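K.L.:
Give me the fold of what follows.
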Amino acid sequence: MKKIYLGFVFSVLSTVGFAQTKVGGRPTINANAMLEIEASNKGLLLPRLELVRTIDFTPLEAHVAGMTVYNTKRQNDVVPGFYYNDGTKWQQMVTSDNKAVKFFYMPSIVFDTSVPGDKNKDLYQEYVNQFTLTGNTASSLGAPAVIPHFPEATDLYYYVTDYDNTVFSDIVIAADGKMTYKVIGAGSPYSVMNIVFVVKE
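P.N.:
Take a look at the predicted model:
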């Protein structure tokens, strides 16, 4: 009798293991879904945990491509919100109505125009340096020591939307934010280069 019972259990488990599953609603399930959830007054609550930083898989045991979680803590370069793992790091899910992070201006940087010639700037690295709060900085009480920022140079598009063409010329920006340019004249207190970062969709 015991052998028959165990055999029946294994048979049921085997069937469940390969079956599609529907939770709530009508008994029919979408043919393309392994799991379908239907409800009119309930939501799906994903795991809520504390990520440490985008390149750190903690509190998981490893990076797992496709893993999706809700991060509850603001620290290092992560903020509260939904994140998915691409297999090497956590990526924040940015919705189309979150316009505050769609684009932003480059933090203030200084261009030395005292010597003419070919020059270069790593715009992404300058941005990261500005967001790590070293040197002459201040922050509100309880604010984290690092302003959350995009973890990879290729997470952004880089634009120069205006510049003083009596001071700069031949501006070229690589996909990773490395910019080359020429200084052709000495800058004045009114010389500008306006740089905008756009978040990739």
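
K.L.:
Quickly list the domain ranges of this protein.
P.N.:
1-41, 45-93, 101-199 (automatic domain parsing).

K.L.:
can you redo the ones you listed as TSV with mean pLDDT?
P.N.:
Below are those laid out as TSV (pLDDT from 0 to 100):
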stretch	mean pLDDT
domain 1-41	69
domain 45-93	91
domain 101-199	89
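
K.L.:
Who are the contact partners of the nearest residue to residue 86 once chain neighbours are set aside?
P.N.:
Leaving aside its chain neighbours, residue 86 sits nearest to residue 65 (6.0 Å; criterion: CB to CB, 6 or more residues apart in numbering). Every C-beta, even on glycine, is put in place using the N, C-alpha and C of the backbone. Listed by CB atoms under 8 Å, 6 or more residues apart in numbering, the contact partners of residue 65 are 85-87.

K.L.:
Strands - which of those land there?
P.N.:
residue 85 (DSSP state E).

K.L.:
Which one (most neighbours) among the contacts of residue 65?
P.N.:
residue 85 (20 neighbours; other CB atoms under 10 Å).

K.L.:
Identify the residue nearest that residue in space, chain neighbours excluded?
P.N.:
residue 67 (4.2 Å).

K.L.:
Can you pull the phi/psi pair for that neighbour?
P.N.:
Main-chain dihedrals, residue 67, degrees, to the nearest 10: phi -60, psi 130.

K.L.:
Surely it touches residue 84?
P.N.:
Yes: between residue 67 and residue 84 there is a contact at 6.7 Å, judged by CB atoms under 8 Å.

K.L.:
Compare these two and say which is more crowded by neighbours.
P.N.:
Neighbour comparison, residue 67 and residue 84: the larger count goes to residue 67, with 16 against 13 (by other CB under 10 Å).

K.L.:
what's the distance between that one and residue 57?
P.N.:
Between residue 67 and residue 57 the distance, using CB to CB, to the nearest Å, works out to 9 Å.

K.L.:
Mutual contacts of the two, please.
P.N.:
Common neighbours of residue 67 and residue 57 (CB under 8 Å, 6+ apart) are residue 85.

K.L.:
List the contacts of residue 122.
P.N.:
177-179.

K.L.:
Count the neighbours of the closest residue to residue 69 other than its chain neighbours for me.
P.N.:
Nearest residue to residue 69, sequence neighbours excluded (CB to CB, 6+ apart): residue 47, at 5.1 Å. Neighbour count for residue 47, taken as other CB under 10 Å: 10.

K.L.:
ok, now residue 165?
P.N.:
Residue 165 has 10 nearby residues by other CB under 10 Å.

K.L.:
Provide the secondary structure category for it.
P.N.:
Three-state call for residue 165 (DSSP: H, G, I helix; E, B strand; the rest coil): coil.

K.L.:
Could you shift the numbering so residue one becomes 14, and keep it that way?
P.N.:
Renumbered: residue one is now 14, and that last one reads residue 178.
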